[in-house]
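Visitor: Sequence isn't available, so here's the structure alone:
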Ligand code: AHR
């Protein structure tokens with residue numbers, strides 16, 4: 001059995017976990033909206049929102065939801081989705097090869113966010129549209145009555161501005177699959193001008209520029225540099241997207257996903273900070289990992305290549321226990337980078353590549369629901385910096401990969417320490433010993449583990465405290481979480 005010795009100190013913090021780190025994503029894709037969050041019938045409220053889905057989203061602990069895309073947004077005319085329902089046009093959705101009925105639009109989404117209790121994150125169409133559509137949408141959503149677009153919202157029954165803070169400047173604009181794909185310099189100019197206009201309206205709005213669609217894009221790095229050189233004074237975040245894929249021929253590589261995510265984050269931080277240094281700016285650009293998940297094309301793909309009826313399933317695979325282990329480990333990486341990653345969104349939320357699934361008469365949890373639900377309690381907490389002595393794993397892609405990951409979060413109450421981590425070794429169990437200077441561990445509660453080879457999913461883990469140290473044994477390829485209480489005397 002491997003051994004891992006882990007030390008934390010309450011004096012050494014990485015940062016505070018922004019609540020928006022536990023975001024998710026609802027796109028007009030497949031049954032994400034129609035048949036997902038919106039499904040009029042016996043399980044829905046008077047507005048057509050599925051209440052069983054709302055209950056599961058709350059249980060999951062999602063704090064923020066990005067909308068309406070994704071690929072969908074790059075050809076979306078937001079005006080189609082507001083006003084009287086019987087006057088809304090049906091439109092072709094070129095991203096997912098279907099007809100968009102526009103029954104759900106920006107107002108329904110914002111009402112739904114209020115119902116669920118999540119922070120909205122709205123995306124602009126910078127594929128087929130630009131500054132005018134962005135500023136009119138911004139005014140429609142946030143403007144005080146007395147101007148054209150704000151008054152249109154008032155006439156639609158919403159006198160009060162919605163006060164949306166977070167806005168994405170397009171989606172994956174480097175991707176050849178995107179409607180309105182642009183070279184870096186062209187996107188950078190549009191992003192800069194849209195951001196400049198929005199900051200004139202509201203200097204406090206939070207703007208997220210598109211980074212690369214994924215780190216294997218040929219322009220990765222260069223794209224971020226050009227976009228940030230152009231827009232640095234006006235934007236607050238740069239986005240990252242990643243879907244980690246199992247390789248049945250090489251399962252060890254899949255368990256490296258969280259390490260790979262960590263390197264991706266560090267690469268974007270380095271690029272952003274080098275632009276800031278060259279510009280002589282004291283401002284620090286933050287990262288929005290606003291699409292992340294597992295995606296196995298064998299189970300979830302491909303997207304339709306023929307036209308499909310509205311609300312047809314897309315990417316509705318079933319996640320397994322290994323996926324849940326990897327998702328838990330990816331969340332460990334997000335927590336340990338909370339000083340730079342202020343927004344993250346598990347993509348997606350309902351039905352397509354999602355932790356929550358629906359049928360007409362029920363809703364259920366996928367395996368990846370469990371690590372997210374457990375760790376979302378960390379919102380607002382303080383992450384401590386780990387020091388880990390543990391074996392490394394040989395790797396085909398990297399020089400070596402730490403066999404154990406770990407994060408500790410002092411919850412906002414100050415009385416509970418949430419410890420979570422993963423054993424990435426496929427062969428060896430690991431005995432983990434954790435001590436925290438400044439936090440004398442008295443007892444554990446709700447220790448749980450997810451083991452890749454255990455089809456039953458999440459189960460209790462044996463955890464003990466010996467002389468103020470936490471001891472757990474992790475099976476091969478597993479993720480765990482445990483809550484620790486402090487003894488009255490401290491440490
Ligand atoms: O989440 C599915 C799709 O993946 C999104 O629409 C797009 O942004 C990404 O490529």
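Guide: Received it, and whenever you're ready, just let me know what you need. Not measured: the values here are computed from a predicted model.
Visitor: from here on, contacts and neighbour counts on C-alpha atoms
Guide: Fine.
Visitor: where exactly do the strands run in the stretch 301-450 of the chain?
Guide: Assigned by DSSP state E, counting those that start in this stretch, the strands in the stretch 301-450 of the chain fall at 341-347, 356-359, 362-365, 382-384, 387-389, 392-393, 401-402, 404-410, 416-423, 430-437, 441-451.
Visitor: right, and the ones you listed - which one's nearest the ligand?
Guide: For the ligand, the closest of those is strand 341-347, at 5.5 Å, according to C-alpha to the nearest ligand atom.
Visitor: Give me the average confidence score over the closest one.
Guide: The average pLDDT within strand 341-347 is 98.
Visitor: name the helices or strands packed onto that strand?
Guide: strand 23-25, strand 64-67, strand 286-294 (3 or more C-alpha pairs under 8 Å, 6 or more residues apart in numbering; DSSP states H and E).
Visitor: rewinding a little: now the strands of the stretch 301-450 of the chain in TSV, with mean neighbour count and distance to residue 41?
Guide: Conversion of those to TSV gives the following (neighbours: other C-alpha atoms under 10 Å; distance: least, C-alpha to C-alpha, whole Å):
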stretch	mean neighbour count	distance to residue 41
strand 341-347	26	26
strand 356-359	19	12
strand 362-365	16	12
strand 382-384	26	42
strand 387-389	16	52
strand 392-393	16	52
strand 401-402	20	50
strand 404-410	26	41
strand 416-423	25	40
strand 430-437	20	49
strand 441-451	21	35
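Visitor: Would you mind putting those into a markdown table with distance to residue 482 alongside?
Guide: Formatted as a markdown table, these follow (distance: least, C-alpha to C-alpha, whole Å):
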| stretch | distance to residue 482 |
| --- | --- |
| strand 341-347 | 22 |
| strand 356-359 | 24 |
| strand 362-365 | 21 |
| strand 382-384 | 15 |
| strand 387-389 | 18 |
| strand 392-393 | 24 |
| strand 401-402 | 21 |
| strand 404-410 | 10 |
| strand 416-423 | 5 |
| strand 430-437 | 11 |
| strand 441-451 | 4 |
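Visitor: ok so, going back, can I get the helices and strands packed on strand 341-347 in TSV including distance to the ligand and mean neighbour count?
Guide: As requested, the helices and strands packed on strand 341-347 are exported to TSV (distance: least, C-alpha to the nearest ligand atom, whole Å; neighbours: other C-alpha atoms under 10 Å):
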stretch	distance to the ligand	mean neighbour count
strand 23-25	8	27
strand 64-67	10	26
strand 286-294	7	24
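Visitor: which one of the ones you listed lies closest to residue 17?
Guide: strand 23-25 (12.1 Å; C-alpha to C-alpha).
Visitor: need the residues of the chain near the ligand, please.
Guide: Within the chain, the residues that sit near the ligand (C-alpha under 6 Å from any ligand atom) are 69, 70, 71, 171, 172, 347.
Visitor: From residue 122, how far out is the second one?
Guide: In this view, residue 70 and residue 122 are 11 Å apart by C-alpha to C-alpha, to the nearest Å.
Visitor: Nearest to the ligand: which residue in the chain?
Guide: residue 70 (3.3 Å).
Visitor: isn't that residue right next to residue 76, touching?
Guide: No - here residue 70 does not reach residue 76: they are 10.5 Å apart, not a contact under C-alpha atoms under 8 Å.
Visitor: before we move on, the earlier item: out of the residues of the chain next to the ligand, give me the one that has the most neighbours.
Guide: residue 171 (30 neighbours; other C-alpha atoms under 10 Å).
Visitor: Tell me if that residue really is in a strand.
Guide: No - membership of residue 171 in a strand is not supported by DSSP: H, G, I helix; E, B strand; the rest coil, which gives coil.
Visitor: Contacts for the helix or strand hosting residue 472 next, please.
Guide: Using DSSP states H and E, residue 472 falls within strand 469-474. With contacts defined as C-alpha atoms under 8 Å, 6 or more residues apart in numbering, strand 469-474 is touched by 422-423, 429-436, 441, 449, 461-465, 480.
Visitor: how about a cut-off of 7 Å?
Guide: Residues outside strand 469-474 that contact it (C-alpha atoms under 7 Å, 6 or more residues apart in numbering) are 423, 429-435, 441, 462-465.
Visitor: cool, stretch 51-62 as well?
Guide: 22-24, 37, 43-45, 116, 118, 363, 369, 372-373, 376.
Visitor: Pick the one among these closest to residue 248.
Guide: Of all the contacts of stretch 51-62, residue 369 has the smallest distance to residue 248: 22.6 Å, by C-alpha to C-alpha.
Visitor: tell me, how many neighbours does the residue lying closest to that closest one once chain neighbours are set aside end up with?
Guide: In space, not counting the residues next to it along the chain, residue 369 is nearest to residue 355; the distance is 4.8 Å by C-alpha to C-alpha, 6 or more residues apart in numbering. By other C-alpha under 10 Å, the residues close to residue 355 number 28.
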